[in-house]
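# sequence unknown, structure follows:
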């Protein structure tokens, strides 16, 4: 029993020490998404959906929950954000080619229609981010309009 208490004490001390360390936070400002909004021109309803359901992981603007102050949870969240931005990042939208932007919207449509975005692990703690069928239709319709716009842009040869 003494051995278990010692192990528990060591783990507790390590847990407390770990709280002084954490990953870098994803902190940007609203200006980082303006280029995306200007280029894709989402209706107001879609803007709200994007802000509530997408931007925490797919932009430089993340609203961190209270439990982000707990290590190792903060590392898990940071990893989700890193992967989310790797796949679709509206904060660096200007840097992408038209072909890449079109492809990202193709993926967005597929993921939203399949209801695989937003992730279940995100909507467990952010119930407002769960998309209704009406919201899915709004996002998909807007995304298809954006893709049509990109299809009209001349491609470099």
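Yes, it's here. As the structure is a computational prediction, the values presented were derived from the model and not from experiment.
# now for the longest helix anywhere in the chain, which elements pack on it?
Ranked by residue count, the top helix of the chain under DSSP state H comes out as helix 133-151. Other helices and strands packing on helix 133-151, by 3 or more CB pairs under 8 Å, 6 or more residues apart in numbering; DSSP states H and E, are helix 44-53, helix 98-113. C-betas here are computed from N, CA, C, even on glycine.
# roughly how far is it from the heart of the chain?
Computed by CA atoms, centre = their mean, to the nearest Å, the chain-centroid distance of helix 133-151 equals 18 Å.
# and that helix, average pLDDT?
Averaging the model's pLDDT scores along helix 133-151 yields 92.
# tell me the buried residues in it?
Residues of helix 133-151 classed as buried by neighbour count (16 or more other CB atoms under 10 Å): 135-136, 138-139, 142-143, 146-147, 149-150.
# tilt between it and helix 98-113?
Here helix 133-151 runs at an angle of 160 degrees relative to helix 98-113 (axes from the mean of the first three to the mean of the last three CA atoms, to 10 degrees).
# residues in contact with helix 133-151?
Helix 133-151 has contacts (CB atoms under 8 Å, 6 or more residues apart in numbering) with 40-43, 45-46, 49-50, 98, 101-102, 105-106, 108-109, 112-113, 115, 131.
# again, 7 Å this time
40, 42-43, 45-46, 49, 98, 101-102, 105-106, 108-109, 112-113 (CB atoms under 7 Å, 6 or more residues apart in numbering).
# give me the element the residue nearest the centre of the chain is part of.
In the chain, the C-alpha nearest the mean C-alpha coordinate belongs to residue 57, at 1.8 Å (CA atoms, centre = their mean). Residue 57 is part of helix 55-58, with elements assigned from DSSP states H and E.
# buried residues of the following helix or strand past that helix, list them for me.
From helix 55-58 onward toward the C-terminus, using DSSP H and E, the following helix or strand is helix 73-87. Applying a neighbour-count criterion of 16+ other CB under 10 Å, the buried positions in helix 73-87 are 74, 77-78, 80-81, 84-85.
# re earlier: I'd assumed residue 82 was in contact with the residue nearest to the centre of the chain.
No: with the criterion set as CB atoms under 7 Å, residue 57 and residue 82 do not qualify as a contacting pair; they are 9.1 Å apart.
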